[in-house]
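# Mind folding the following:
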Amino acid sequence: MSRIVPSLAVIALLLAPVTAPGTAVAAIVSLEEAKSEMVLGQADAPVTMVEFSSLGCPHCARFHRDTLPQIKKEYIDTGKVKLVYRDFPLGTAALAAAMVARCAGPNKFFGFIEILFRSQLRWGKSENPQEELSKVARFGGLSRDDVQACLKNQPLLEHIRGIALDGQMDHKVNSTPTFIIGDEIISGAQHFDEFKKVFDKALKK
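I've put the predicted structure just below:
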């Protein structure tokens, strides 16, 4: 099976030159924070929805644009469900975007990925993804130097690679988005009603 995420060397070659020595890095969080489990909702919610997603995936963007707001309103904000987001980047640009979102930290993460999904065509199809990602990242308070430093973070890259490989090995994930809700699997950007049926069934247990 081919590797999901490329090496750091590939990122460096395809995206941009590395940060010059001594460049200040102000806004990126610590590695420990960047590697945190990214959770939307109350920690003690009775139902957990795990989402394996690629920031470069149009179907994932459609889910976040059209379906997640209703799930959030009816299930997450009411304390019934929590969403655990796990990276499954497909392609170099998507990997870079995942790294940048995590460098923004847990408090900004979900807002950051929404910006990245909404600007997906802009950075995902660019001949210079890092340049476009840097422009998008400014909305989340990250500078160009922050983005460059983030993309040099080998342990973070390895962490994201591990998340994706665990998804393949543990849940047989091979496409995005894939959702794990208890022992149920939902593949693709399904309509809200499909999620509602699974949530309601899980909440009755």
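# quick one, helices of the chain?
Shown for the chain, the helices assigned by DSSP state H span residues 8-14, 31-34, 58-62, 68-71, 92-103, 106-118, 120-124, 129-137, 144-151, 154-171, 192-203.
# Which of these sits closest to T178?
Of all the helices of the chain, it is helix 154-171 that lies closest to T178, at 7.2 Å by Cβ to Cβ. (Each C-beta comes from the backbone N, C-alpha and C, glycine too.)
# Quick one: list the elements packing against the closest one.
Applying 3 or more Cβ pairs under 8 Å, 6 or more residues apart in numbering; DSSP states H and E, we find helix 154-171 packed against helix 8-14, helix 31-34, strand 47-53, strand 81-87, helix 92-103, strand 178-181.
# please redo it, this time with the cut-off set to 7 Å
If you count contacts as 3 or more Cβ pairs under 7 Å, 6 or more residues apart in numbering; DSSP states H and E, helix 154-171 packs onto helix 31-34, strand 81-87, helix 92-103.
# Pick the most buried one from those.
helix 92-103 (a mean of 26; mean count of other Cβ atoms under 10 Å).
# distance between that helix and the chain's centre?
Distance of helix 92-103 from the chain centroid (Cα atoms, centre = their mean, to the nearest Å) equals 8 Å.
# between it and helix 144-151, how many degrees?
110 degrees (axes from the mean of the first three to the mean of the last three Cα atoms, to 10 degrees).
# And R102, how far from L142?
Per Cβ to Cβ, to the nearest Å, R102 is found 11 Å from L142.
# now G182
36 Å.
# Who has more neighbours out of those two?
L142 (26 against 14; other Cβ atoms under 10 Å).
# Let me see the contact set for the more buried one.
Taking Cβ atoms under 7 Å, 6 or more residues apart in numbering, we find L142 in contact with A27, I28, V100, C103, A104.
# Show me the shaky parts of the chain.
Counting by pLDDT under 70, the chain has low-confidence residues at 1-26.
# hmm, try it at 50
Under the criterion pLDDT under 50, the flagged ranges of the chain are 1-25.
# what about F195, how many residues close to it?
Residues contacting F195 under the criterion other Cβ under 10 Å number 23.
# scratch that, E132 is what I was asking about
Using other Cβ under 10 Å, E132 has 19 neighbouring residues.
# ok, the closest residue to I76 other than its chain neighbours - contacts?
Of all residues not flanking I76 in the chain, G41 sits nearest, at 4.3 Å (Cβ to Cβ, 6 or more residues apart in numbering). G41 is in contact with I76, V81, K82, L83, counting by Cβ under 7 Å, 6+ apart.
# Can you tell me which of the helices and strands packed on helix 154-171 is nearest to Q70?
Judging the helices and strands packed on helix 154-171 by Cβ to Cβ, what sits closest to Q70 is strand 81-87, at 11.8 Å.
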